[in-house]
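*Asks:* I'd like to go over a predicted model; first the sequence, then the structure.
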Amino acid sequence: MTDTRPTALIVGASRTLGLELAAEYLRRGWDVIGTVRGSRRTGLHDLAEESGGRLAVESLEMTDPGGITALRDRLAGRTLDLLFVNAAVTRGDLPIGDVPTEMFTEVMATNALGPMRVVEWLRPLVAPAGTIGVMSSDQGSIALNTDGGQDLYRASKSALNQLMRCHAARHADDPRTLLLTDPGWVRTDLGGPDAELGVEESVPGVVDTIEAHRGKPGLHFVDHLGQVVPW
């Protein structure tokens, strides 16, 4: 019998939001490929052991261009219904003038350049009717920034949004759906312990939003409730 289950590749799935995304898609009947950094055992490995072969774990360091092309080569011949990139770091709440150059480079490479390399280079694996999504944040919204703070993190997410917009413009005739997704304020290392949502509250909404936009070409910046986020 031919396997007709859809397949999702979730980049950055070792913990918190990414791990819960992998679990949610498994619960919804998908096959999942999830990536982790390095060789250390993670919660994704535990989930794979419980998945009955429906979850495969791959290694990827997004700031390593060779690692991205190697992953693309390993997945050659597979067709993805969803490519979703989940990755971000923050290095404290510093005014931009106090941010060391090395820190600026690290955060921009991890939060903007790396994810977009994944989008650009793995795009051919995604079915023409498929979806390419990236985890963004409302902190990347210029319109919503009325309080300031988190200068570098905000700038990296704004850069990600702009680069995704460049990608969409470059491929204006592409039938794939493109998403920038804001998961809400979630209790993760980034969101902190006082955040409004647990991952188990945020992620089902993220997946509902992704599914609601399936088959809608072009770029959409939306939150976990399906609401449009202003640029």
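*Replies:* Thanks, I have it.

*Asks:* and the next helix or strand past the top strand by length along the chain?
*Replies:* If you go by DSSP state E, the chain has its longest strand at strand 126-135. Downstream of strand 126-135, the next assigned helix or strand under DSSP states H and E is helix 151-170.

*Asks:* which residues sit against that following helix?
*Replies:* Residues outside helix 151-170 that contact it (CB atoms under 8 Å, 6 or more residues apart in numbering) are 88, 90-91, 93-96, 99, 103-104, 107-108, 110-113, 115-116, 119-120, 134, 136-137, 139-142, 145, 178, 180, 190, 218-219, 221, 231. Just so you know, the C-beta spots here come from the backbone N, C-alpha and C atoms, and that holds for glycine as well.

*Asks:* got the contact list for the longest strand of the chain?
*Replies:* Contacts of strand 126-135 (CB under 8 Å, 6+ apart): 12, 17, 79-88, 115, 119, 123, 160, 164, 175-181, 183, 210, 213-215.

*Asks:* circling back: among the contacts of helix 151-170, which lie within helices?
*Replies:* Met103, Phe104, Val107, Met108, Pro115, Met116, Val119, Glu120 (DSSP state H).

*Asks:* with adjacent residues omitted, what lies nearest to the first one?
*Replies:* I take that to be Met103. Arg91 (5.1 Å; CB to CB, 6 or more residues apart in numbering).

*Asks:* hmm, Val118 is touching Ile10, no?
*Replies:* No. Using CB atoms under 8 Å as the test, Val118 is too far from Ile10 to be in contact (11.1 Å).

*Asks:* flag the shaky bits of this protein, pLDDT-wise.
*Replies:* 1-3 (pLDDT under 70).

*Asks:* ranges for the strands of it?
*Replies:* So, for the chain - with DSSP E - the strands run 7-11, 31-36, 55-59, 80-85, 126-135, 177-182, 218-223.

*Asks:* of those, which stretch is the most buried?
*Replies:* Comparing the strands of the chain by mean neighbour count (mean count of other CB atoms under 10 Å), strand 7-11 ranks first with a mean of 26.

*Asks:* strand partners of that one, parallel vs antiparallel please.
*Replies:* According to DSSP bridges, strand 7-11 forms sheet pairs with strand 31-36 (parallel), strand 80-85 (parallel).

*Asks:* circling back to that earlier point, now distance to Leu21 and neighbour count too, for the ones in helices among the contacts of helix 151-170, in JSON lines please.
*Replies:* Compiled in JSON lines, the ones in helices among the contacts of helix 151-170 are given as follows (distance: CB to CB, whole Å; neighbours: other CB atoms under 10 Å):
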{"residue": "Met103", "distance to Leu21": "28", "neighbour count": "15"}
{"residue": "Phe104", "distance to Leu21": "28", "neighbour count": "16"}
{"residue": "Val107", "distance to Leu21": "22", "neighbour count": "21"}
{"residue": "Met108", "distance to Leu21": "24", "neighbour count": "16"}
{"residue": "Pro115", "distance to Leu21": "15", "neighbour count": "25"}
{"residue": "Met116", "distance to Leu21": "19", "neighbour count": "20"}
{"residue": "Val119", "distance to Leu21": "16", "neighbour count": "21"}
{"residue": "Glu120", "distance to Leu21": "21", "neighbour count": "15"}
